[in-house]
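A.B. asks: Below are the sequence and a predicted model for it; my questions follow.
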Amino acid sequence: MLAKTKLAAQKTLSPSAIKLRLLKRLRCTLRYEKKAWGSGAHFVAGVDEVGRGSLFGPVVAAAVILDPGYRIRGLRDSKLLPADRREILALRIREHCVAWAIAAVDAARIDQINIYQASRLAMQNAVLQLQPCPDHLLVDAMRLHCELPQDPIIHGDALSASIAAASILAKVERDRMICDWDPVFPAYGLASNKGYSTPRHLAALREHGPSPLHRQSFAPVWNAPVPQEVLALMLEETVDELVESGASQ
(Lines give C-alpha, C1' and ligand atoms only; values in the text may rest on other atoms or scores of the structure.)
Protein backbone atom coordinates (compact mmCIF):
# COMPACT_ATOMS: atom_id res chain seq x y z
CA MET A 1 0.00 0.00 0.00
CA LEU A 2 2.84 2.35 0.93
CA ALA A 3 4.62 1.59 -2.36
CA LYS A 4 1.44 2.45 -4.31
CA THR A 5 1.11 5.74 -2.42
CA LYS A 6 4.73 6.69 -3.25
CA LEU A 7 4.20 5.77 -6.89
CA ALA A 8 1.05 7.91 -7.06
CA ALA A 9 2.91 10.85 -5.49
CA GLN A 10 5.71 10.54 -8.04
CA LYS A 11 3.23 10.62 -10.91
CA THR A 12 1.90 13.99 -9.71
CA LEU A 13 5.38 15.55 -9.69
CA SER A 14 6.62 17.53 -12.68
CA PRO A 15 9.71 16.24 -14.55
CA SER A 16 11.80 19.10 -13.12
CA ALA A 17 10.71 18.25 -9.57
CA ILE A 18 11.60 14.59 -10.10
CA LYS A 19 15.00 15.62 -11.48
CA LEU A 20 15.70 17.80 -8.44
CA ARG A 21 14.82 14.89 -6.14
CA LEU A 22 17.30 12.68 -7.96
CA LEU A 23 20.02 15.34 -7.90
CA LYS A 24 19.65 15.73 -4.14
CA ARG A 25 20.58 12.06 -3.74
CA LEU A 26 23.89 12.48 -5.59
CA ARG A 27 27.06 13.14 -3.58
CA CYS A 28 29.34 15.98 -4.59
CA THR A 29 32.94 14.86 -3.96
CA LEU A 30 36.53 15.19 -5.19
CA ARG A 31 36.48 11.73 -6.78
CA TYR A 32 36.99 13.00 -10.34
CA GLU A 33 39.57 15.57 -9.25
CA LYS A 34 41.58 12.94 -7.38
CA LYS A 35 41.55 10.72 -10.44
CA ALA A 36 42.91 13.58 -12.59
CA TRP A 37 45.52 14.52 -9.98
CA GLY A 38 46.55 10.87 -9.78
CA SER A 39 47.13 10.81 -13.55
CA GLY A 40 49.63 13.68 -13.22
CA ALA A 41 47.46 16.77 -13.67
CA HIS A 42 48.29 19.75 -11.47
CA PHE A 43 45.59 22.28 -12.35
CA VAL A 44 42.20 20.59 -12.72
CA ALA A 45 39.44 22.99 -13.74
CA GLY A 46 35.74 22.42 -13.26
CA VAL A 47 33.59 24.09 -15.93
CA ASP A 48 29.84 24.76 -16.01
CA GLU A 49 27.26 27.15 -17.44
CA VAL A 50 23.93 28.56 -16.27
CA GLY A 51 21.02 30.16 -18.05
CA ARG A 52 20.64 27.72 -20.91
CA GLY A 53 16.87 27.49 -20.52
CA SER A 54 16.24 31.17 -19.85
CA LEU A 55 14.30 33.31 -22.34
CA PHE A 56 16.23 36.47 -21.52
CA GLY A 57 19.83 37.61 -21.44
CA PRO A 58 23.15 35.81 -21.68
CA VAL A 59 24.29 32.32 -20.93
CA VAL A 60 27.08 32.56 -18.34
CA ALA A 61 29.90 30.09 -17.71
CA ALA A 62 32.58 29.77 -15.07
CA ALA A 63 35.77 27.76 -14.72
CA VAL A 64 37.36 27.04 -11.32
CA ILE A 65 40.61 25.40 -10.27
CA LEU A 66 40.23 24.29 -6.66
CA ASP A 67 43.16 24.18 -4.26
CA PRO A 68 43.82 20.49 -3.43
CA GLY A 69 45.03 21.57 0.01
CA TYR A 70 41.90 23.52 0.98
CA ARG A 71 38.45 21.99 1.27
CA ILE A 72 35.46 24.27 0.73
CA ARG A 73 32.57 22.63 2.55
CA GLY A 74 29.04 22.71 1.20
CA LEU A 75 29.78 22.67 -2.54
CA ARG A 76 26.93 21.25 -4.59
CA ASP A 77 24.81 21.96 -7.65
CA SER A 78 23.87 25.67 -7.53
CA LYS A 79 20.22 24.80 -8.28
CA LEU A 80 20.01 23.01 -4.93
CA LEU A 81 21.28 25.95 -2.88
CA PRO A 82 19.34 28.99 -1.61
CA ALA A 83 20.53 32.35 -2.95
CA ASP A 84 22.13 33.53 0.30
CA ARG A 85 24.10 30.29 0.60
CA ARG A 86 25.33 30.63 -2.98
CA GLU A 87 26.58 34.13 -2.23
CA ILE A 88 28.57 32.93 0.80
CA LEU A 89 30.05 30.00 -1.11
CA ALA A 90 30.93 32.22 -4.09
CA LEU A 91 33.01 34.43 -1.78
CA ARG A 92 34.79 31.38 -0.32
CA ILE A 93 35.46 29.92 -3.76
CA ARG A 94 37.00 33.15 -5.07
CA GLU A 95 39.06 33.55 -1.91
CA HIS A 96 40.44 30.03 -1.61
CA CYS A 97 40.65 28.57 -5.14
CA VAL A 98 43.78 28.59 -7.29
CA ALA A 99 42.03 30.39 -10.15
CA TRP A 100 38.56 31.30 -11.41
CA ALA A 101 37.10 32.96 -14.49
CA ILE A 102 33.69 33.90 -15.84
CA ALA A 103 32.53 34.42 -19.43
CA ALA A 104 29.18 35.23 -21.03
CA VAL A 105 27.58 34.97 -24.47
CA ASP A 106 24.77 37.44 -25.07
CA ALA A 107 21.28 36.85 -26.44
CA ALA A 108 22.08 38.10 -29.94
CA ARG A 109 24.93 35.61 -30.29
CA ILE A 110 22.73 32.84 -28.86
CA ASP A 111 20.20 33.56 -31.62
CA GLN A 112 22.97 33.37 -34.23
CA ILE A 113 24.65 30.10 -33.24
CA ASN A 114 21.98 28.36 -31.02
CA ILE A 115 22.03 27.88 -27.27
CA TYR A 116 24.07 24.67 -27.28
CA GLN A 117 26.96 26.22 -29.19
CA ALA A 118 26.68 29.44 -27.17
CA SER A 119 26.96 27.45 -23.93
CA ARG A 120 30.03 25.68 -25.25
CA LEU A 121 31.55 28.98 -26.38
CA ALA A 122 30.99 30.59 -22.97
CA MET A 123 32.66 27.64 -21.24
CA GLN A 124 35.63 27.68 -23.61
CA ASN A 125 36.10 31.42 -23.08
CA ALA A 126 36.04 30.95 -19.32
CA VAL A 127 38.72 28.24 -19.56
CA LEU A 128 40.91 30.45 -21.76
CA GLN A 129 40.89 33.18 -19.12
CA LEU A 130 42.25 30.96 -16.34
CA GLN A 131 45.69 31.76 -14.96
CA PRO A 132 47.45 29.43 -14.40
CA CYS A 133 46.26 27.48 -17.41
CA PRO A 134 44.53 24.20 -16.54
CA ASP A 135 45.99 20.89 -17.65
CA HIS A 136 42.77 18.88 -17.20
CA LEU A 137 39.08 19.79 -17.47
CA LEU A 138 36.00 18.41 -15.76
CA VAL A 139 33.02 19.65 -17.78
CA ASP A 140 29.33 19.39 -17.00
CA ALA A 141 27.82 17.08 -19.64
CA MET A 142 29.74 18.51 -22.58
CA ARG A 143 33.02 18.18 -24.46
CA LEU A 144 34.79 21.42 -25.36
CA HIS A 145 36.68 22.18 -28.58
CA CYS A 146 40.19 22.15 -27.12
CA GLU A 147 43.15 19.79 -26.88
CA LEU A 148 43.21 19.61 -23.09
CA PRO A 149 42.38 16.25 -21.50
CA GLN A 150 38.78 16.48 -20.34
CA ASP A 151 36.02 14.45 -18.76
CA PRO A 152 32.42 15.33 -19.68
CA ILE A 153 30.37 14.30 -16.63
CA ILE A 154 26.59 13.90 -16.67
CA HIS A 155 25.15 15.79 -13.68
CA GLY A 156 28.69 16.98 -13.07
CA ASP A 157 27.57 19.93 -10.96
CA ALA A 158 26.01 17.45 -8.51
CA LEU A 159 28.97 15.03 -8.52
CA SER A 160 32.21 17.04 -8.89
CA ALA A 161 33.24 19.70 -6.37
CA SER A 162 35.08 21.68 -9.05
CA ILE A 163 32.11 21.74 -11.42
CA ALA A 164 29.81 22.63 -8.52
CA ALA A 165 32.09 25.56 -7.67
CA ALA A 166 31.91 26.74 -11.29
CA SER A 167 28.13 26.35 -11.24
CA ILE A 168 27.86 28.52 -8.12
CA LEU A 169 30.07 31.32 -9.50
CA ALA A 170 28.23 31.33 -12.82
CA LYS A 171 24.81 31.34 -11.13
CA VAL A 172 25.67 34.20 -8.76
CA GLU A 173 27.10 36.30 -11.58
CA ARG A 174 24.21 35.68 -13.96
CA ASP A 175 21.61 36.41 -11.29
CA ARG A 176 23.35 39.72 -10.59
CA MET A 177 23.39 40.61 -14.29
CA ILE A 178 19.69 39.82 -14.77
CA CYS A 179 18.68 41.70 -11.61
CA ASP A 180 20.51 44.77 -12.96
CA TRP A 181 18.16 44.70 -15.97
CA ASP A 182 15.00 44.39 -13.86
CA PRO A 183 14.43 48.16 -13.41
CA VAL A 184 15.04 48.67 -17.14
CA PHE A 185 12.39 46.10 -18.12
CA PRO A 186 10.11 45.98 -15.04
CA ALA A 187 7.15 44.28 -16.78
CA TYR A 188 8.83 40.88 -16.95
CA GLY A 189 9.65 40.30 -13.26
CA LEU A 190 13.28 39.50 -14.05
CA ALA A 191 14.52 39.91 -10.48
CA SER A 192 12.32 37.01 -9.37
CA ASN A 193 12.32 34.72 -12.41
CA LYS A 194 15.84 35.43 -13.80
CA GLY A 195 14.40 35.26 -17.31
CA TYR A 196 12.89 31.78 -17.06
CA SER A 197 9.39 30.76 -18.22
CA THR A 198 7.29 31.62 -15.20
CA PRO A 199 3.57 32.38 -15.67
CA ARG A 200 4.18 36.09 -15.03
CA HIS A 201 7.01 36.24 -17.54
CA LEU A 202 5.00 34.48 -20.23
CA ALA A 203 2.00 36.72 -19.55
CA ALA A 204 4.21 39.80 -19.90
CA LEU A 205 5.52 38.52 -23.23
CA ARG A 206 1.97 38.08 -24.46
CA GLU A 207 0.98 41.58 -23.31
CA HIS A 208 4.11 43.62 -24.10
CA GLY A 209 6.11 41.49 -26.52
CA PRO A 210 9.82 40.77 -25.99
CA SER A 211 12.53 43.24 -25.03
CA PRO A 212 15.70 43.70 -27.12
CA LEU A 213 17.52 41.35 -24.71
CA HIS A 214 15.12 38.44 -25.08
CA ARG A 215 16.28 35.44 -27.08
CA GLN A 216 14.38 35.82 -30.33
CA SER A 217 15.05 32.21 -31.41
CA PHE A 218 13.24 30.76 -28.37
CA ALA A 219 9.63 29.73 -29.11
CA PRO A 220 7.88 31.59 -26.23
CA VAL A 221 9.62 34.77 -27.43
CA TRP A 222 9.02 34.63 -31.17
CA ASN A 223 5.49 33.33 -30.55
CA ALA A 224 4.62 36.44 -28.54
CA PRO A 225 1.63 38.11 -30.28
CA VAL A 226 2.98 41.63 -29.72
CA PRO A 227 5.92 42.41 -32.04
CA GLN A 228 9.14 43.78 -30.63
CA GLU A 229 9.20 47.47 -31.54
CA VAL A 230 12.99 47.77 -31.47
CA LEU A 231 13.40 44.75 -33.72
CA ALA A 232 10.73 46.08 -36.11
CA LEU A 233 12.55 49.41 -36.25
CA MET A 234 15.83 47.64 -37.07
CA LEU A 235 14.13 45.66 -39.85
CA GLU A 236 12.64 48.85 -41.32
CA GLU A 237 16.08 50.52 -41.32
CA THR A 238 17.61 47.46 -43.00
CA VAL A 239 14.94 47.51 -45.72
CA ASP A 240 15.46 51.25 -46.26
CA GLU A 241 19.21 50.72 -46.58
CA LEU A 242 18.71 47.96 -49.14
CA VAL A 243 16.33 50.14 -51.15
CA GLU A 244 18.75 53.06 -51.09
CA SER A 245 21.64 50.76 -52.04
CA GLY A 246 19.65 49.35 -54.96
CA ALA A 247 18.67 52.83 -56.16
CA SER A 248 22.28 54.06 -56.11
CA GLN A 249 23.36 51.18 -58.30
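C.D. replies: Done, it's in.
A.B. asks: which residues sit in contact with the residue nearest to the spatial centre of the chain?
C.D. replies: Compute the mean C-alpha point of the chain, and by CA atoms, centre = their mean the closest residue is residue 50, 1.1 Å away. The neighbours of residue 50, taking CB atoms under 8 Å, 6 or more residues apart in numbering as the test, are 59, 60, 61, 78, 167, 170, 171, 174. Every residue, glycine included, has its C-beta placed from N, CA and C.
A.B. asks: Looking at the residues you listed, which is nearest residue 215?
C.D. replies: residue 59 (9.3 Å; CB to CB).
A.B. asks: Can you give me the pLDDT of residue 243?
C.D. replies: Looking at residue 243, its pLDDT stands at 52.
A.B. asks: An error on my part: the question was meant for residue 9.
C.D. replies: pLDDT, residue 9: 53.
A.B. asks: which residues touch residue 170?
C.D. replies: Residue 170 neighbours (CB under 8 Å, 6+ apart): 48, 49, 50, 51, 60, 61, 62, 78, 102.
A.B. asks: at 7 Å instead, please
C.D. replies: Contacts for residue 170 (CB atoms under 7 Å, 6 or more residues apart in numbering) come out as 48, 49, 50, 60, 61, 62, 102.
A.B. asks: May I ask which helix or strand encompasses it?
C.D. replies: Element membership for residue 170 (DSSP states H and E) is helix 161-181.
A.B. asks: Tell me the buried residues in that helix?
C.D. replies: 161-175, 177-178, 181 (16 or more other CB atoms under 10 Å).
A.B. asks: can you check stretch 95-112 too?
C.D. replies: 97-105, 107, 109-111.
A.B. asks: same deal with stretch 111-128?
C.D. replies: Of the residues in stretch 111-128, those buried (16+ other CB under 10 Å) are 111, 115, 118, 119, 120, 121, 122, 123, 124, 125, 126, 127.
A.B. asks: So the first one sits against residue 218, correct?
C.D. replies: No: if you go by CB atoms under 7 Å, residue 111 and residue 218 don't touch, sitting 8.5 Å apart.
A.B. asks: Quick check: the gap between residue 211 and residue 221.
C.D. replies: In this structure, residue 211 and residue 221 are 9 Å apart, going by CB to CB, to the nearest Å.
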